[in-house]
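**Q** Model the following, please.
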Amino acid sequence: MRLRIATRGSELARWQAGEVARLIGAAIEGVEVSLVVVETSGDRRLDVPIWEIGGQGVFVKEVQAAVLDGRADVAVHSAKDLPSVPAPGLAIAAVPERGDPRDALVGSTLGDLPAGARVATGSVRRRAQLAWIRPDLTFTSLRGNIATRLEKVPAGGCVVMAAAALARLGLLDRADEVLDESAMLPQVGQGCLAVECRDGDAGVLELLAAIEHGPSRVALDCERGFLARLGGGCDLPVGAYARLDGDEVKVEGMLASPDGRVMLRSSRRGGVGAPASLGADLAEELLVSGGADLLAG
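**A** Below you'll find the predicted structure:
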């Protein structure tokens, strides 16, 4: 069987597609895999903050189009790049085992940053949470691939990156600190890969079932349920982290103002049977606690 995987062209995206190919090859013999490299709008416009060119979705739409128009059979994404509303005609067919969901600082630890230090990040979520912890910090935008970001550590400051991205490229030793989720909740889906195919493509759906990791799927569904209840394309700082705890799911979520002065955060537990509903219930709690006013501006 031949399987064409659509992916962005960055080193990290190619690694992710290659990892999915490796997992498929380890699970099923005789599958010939090739990559279909696609340039996205997010890759073309590196001079503009992500939230100004469409937020979530700018790294996935063109990759999804390659599957929908038949140029590829599956698409591999960083799950954090996917909008919470599924693309018509596509299904998330597999969620492999999750990598590290946490954020990492390169250039300094949080405690060693001097007063007023510059932190480079393109994420409103990271800015808000760091500003909540350290109101003295200043922030500057950061875009580009992993190597480019590592070259832009501000003097006396740091850059913030996904620990999983550094680990996957063999660069985790560059991190000065990996922040615990208790201090900094990750982006929805951070550390997860999402493998999409055409809805109803029975052969591909059956093949991809072999690389599904149940606990990671439950966690991702819960976090995406949280984001969907907040509006799916929410441009405010939002973070969530779900994980299995015995026979239950524990999920923590946050919603903040962009400047980090308002921080709403809570957690819930529930059964594994309806993780998306559990995430949505947590989001509803935050909305009632003041989140609706934040969303209204």
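**Q** pretty sure S34 is touching M1, no?
**A** No. Counting by C-beta atoms under 8 Å, S34 does not reach M1; the two are 11.9 Å apart. Where C-beta positions appear, they are placed from N, C-alpha and C, glycine not excepted.
**Q** Quick check: the gap between the residue lying closest to H213 once chain neighbours are set aside and L113.
**A** Leaving aside its sequence neighbours, H213 sits nearest to E97 (C-beta to C-beta, 6 or more residues apart in numbering; 4.1 Å). Per C-beta to C-beta, to the nearest Å, E97 is found 33 Å from L113.
**Q** Show me the strands in the stretch 1-150 of the chain, by range?
**A** Taking DSSP state E, counting those that start in this stretch as the criterion, the stretch 1-150 of the chain carries its strands at 2-7, 32-37, 74-78, 90-94, 103-106, 118-120, 138-140.
**Q** mind checking how far stretch 283-296 is from the chain centre?
**A** 22 Å (C-alpha atoms, centre = their mean, to the nearest Å).
**Q** got it, and stretch 16-23?
**A** Centroid separation for stretch 16-23 versus its chain: 17 Å, with C-alpha atoms, centre = their mean.
**Q** Now do the buried residues in it.
**A** 16-21, 23 (16 or more other C-beta atoms under 10 Å).
**Q** Reformat those as TSV; add distance to W132 and pLDDT.
**A** Converted to TSV, these look like this (distance: C-beta to C-beta, whole Å; pLDDT from 0 to 100):
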residue	distance to W132	pLDDT
Q16	31	97
A17	36	97
G18	37	97
E19	34	98
V20	36	98
A21	40	97
L23	38	97
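**Q** Now flag whichever of those residues is closest to L264.
**A** Distances from L264 to those, taken as C-beta to C-beta, are shortest for Q16 (31.9 Å).
**Q** how close does the closest one get to E284?
**A** 33 Å.
**Q** Then V178?
**A** Counting by C-beta to C-beta, the gap between V178 and E284 amounts to 31 Å.
**Q** Spit out the contact partners of the residue nearest to G156 when sequence neighbours are not counted.
**A** Here the nearest residue to G156 in space, its sequence neighbours aside, is A117; by C-beta to C-beta, 6+ apart that works out to 5.6 Å. By C-beta atoms under 8 Å, 6 or more residues apart in numbering, the contact list for A117 reads 108, 136-138, 154, 156-158.
**Q** again with M254
**A** Neighbours of M254 in contact, by C-beta under 8 Å, 6+ apart: 129, 185, 237-240, 263-265, 286.
**Q** Number of residues surrounding A175?
**A** Using other C-beta atoms under 10 Å, the number of residues around A175 comes to 20.
**Q** May I see the buried residues of stretch 16-23 organised as CSV, with distance to P101 added?
**A** Formatted as CSV, those follow (distance: C-beta to C-beta, whole Å):
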residue, distance to P101
Q16, 15
A17, 20
G18, 21
E19, 16
V20, 18
A21, 23
L23, 19
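**Q** Pick the one among these closest to D245.
**A** Distances from D245 to the buried residues of stretch 16-23, taken by C-beta to C-beta, are shortest for L23, at 25.8 Å.
**Q** At the geometric centre of this protein, which residue do we find?
**A** The residue lying closest to the centre of the chain (C-alpha atoms, centre = their mean) is K80, at 2.0 Å.
**Q** Please look at it and V188 and confirm they touch.
**A** Yes. In this structure K80 lies within contact range of V188 using C-beta under 8 Å: 6.3 Å.
**Q** any idea how far V238 is from A209?
**A** 30 Å.
**Q** the more surrounded of the two?
**A** Each of V238 and A209 has its neighbours counted (other C-beta under 10 Å); V238 has more, 24 against 11.
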